[in-house]
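S.K.: heads up, no residue letters with this:
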């Protein structure tokens, strides 16, 4: 595979390509039950706001109370529209009632691997 070695190729072009929004948090131990109920009701609300292509949530195999949620978007504009929606801001405010150490990361496509590569079977 030939990869251009120009600086222009390596610079991410705003608005182009898939965007991954990663949110991490720790559930407050005394809030596990209320968090679970809240999460079950908040996920459909998040997904009812246009923009999310895929949502996933993960917990460590060790069984700790950490959570990682990923949201995939078509592009930066889709993410920005979704994230700025009033319902999403309410959900993220509510999240802080049940959690600590909330962090977010916004990832754009790699200029070297802008599309998924799947192994041949």
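M.R.: All right, it came through fine. Keep in mind that what you see is a predicted model, and the values were worked out from it rather than measured.

S.K.: now do the helices in this structure.
M.R.: For the chain, the helices defined by DSSP state H cover 7-10, 32-48, 76-83, 86-98.

S.K.: pull the number of nearby residues for the closest residue to residue 100 other than its chain neighbours.
M.R.: Spatial nearest neighbour of residue 100, chain neighbours left out: residue 26 (5.1 Å); criterion: CB to CB, 6 or more residues apart in numbering. Where you see a C-beta, it was placed from the backbone N, CA and C, and this is true even at glycine. By other CB atoms under 10 Å, 14 other residues sit near residue 26.

S.K.: shouldn't residue 26 be in contact with residue 68?
M.R.: No: the pair residue 26 / residue 68 is not scored as a contact, 10.8 Å apart, by CB atoms under 8 Å.

S.K.: pLDDT weak spots in this structure?
M.R.: 1-16 (pLDDT under 70).

S.K.: ok, 80 please
M.R.: Low-confidence segments of the chain (pLDDT under 80): 1-16, 63, 114, 121.
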